[in-house]
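*Asks:* I need the structure of the sequence given here:
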Amino acid sequence: MMKHEPDEPLLALADPTRRAILRLVWDEELPAGDIAAHFPVTRPAISRHLRVLRDANLVEEHRVGTKRLYRARPERIEELRSYLENYWEAGLGEIKRLAEREAMRKRNEDG
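*Replies:* The predicted structure is shown next:
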């Protein structure tokens with residue numbers, strides 16, 4: 001379960017460019033320049049996207065010489081998935097309870 005509300009990672013993932021960046025670095029560590037080469041936007045724009053992903057703990061960054069290398073943090077994504085799954089299950093449980101209550105109310109009215 002997530003230790004904090006997942007607002008920051010959810011907001012980070014709301015942007016399609018950031019989701020695409022996350023897919024790029026899911027299985028391999030890439031330098032910022034290689035990541036930027038995949039997008040029709042400026043390198044500073046990609047740097048801002050990477051900063052948002054890093055601040056949301058969705059990617060990790062480390063330096064090798066002058067290069068900044070990025071890789072996804074699957075454990076953080078798993079925490080987010082788990083949170084959303086629990087949220088979804090709680091919502092479905094509430095819908096089920098309301099439907100059962102409504103069915104009982106109708107039976108009582110009809111019977």
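*Asks:* make it CA atoms for all contacts and neighbour counts henceforth
*Replies:* OK.
*Asks:* low-confidence ranges in the chain?
*Replies:* Along the chain, the parts satisfying pLDDT under 70 run over 1-6, 111.
*Asks:* redo that, cut-off 90
*Replies:* Under the criterion pLDDT under 90, the flagged ranges of the chain are 1-8, 10, 77-111.
*Asks:* what segments of it are helices?
*Replies:* Applying DSSP state H to the chain gives helices spanning 7-13, 16-24, 32-36, 43-55, 74-110.
*Asks:* go ahead and confirm R71 touches V59.
*Replies:* Yes: counting by Cα atoms under 8 Å, R71 does reach V59; the two are 5.4 Å apart.
*Asks:* and for those two, which residues touch both?
*Replies:* Common neighbours of R71 and V59 (criterion: Cα atoms under 8 Å, 6 or more residues apart in numbering): L22.
*Asks:* what's the closest of the helices of the chain to T66?
*Replies:* When the helices of the chain are compared by Cα to Cα, helix 32-36 sits nearest T66, at 10.8 Å.
*Asks:* so which bits of that closest one are buried?
*Replies:* For helix 32-36, the neighbour count (16 or more other Cα atoms under 10 Å) marks 32, 35-36 as buried.
*Asks:* next: stretch 98-111.
*Replies:* Neighbour counts over stretch 98-111 (16+ other Cα under 10 Å) mark no residue as buried.
*Asks:* before we move on, what about stretch 76-86?
*Replies:* Across stretch 76-86, burial judged by 16+ other Cα under 10 Å covers 76, 80, 83.
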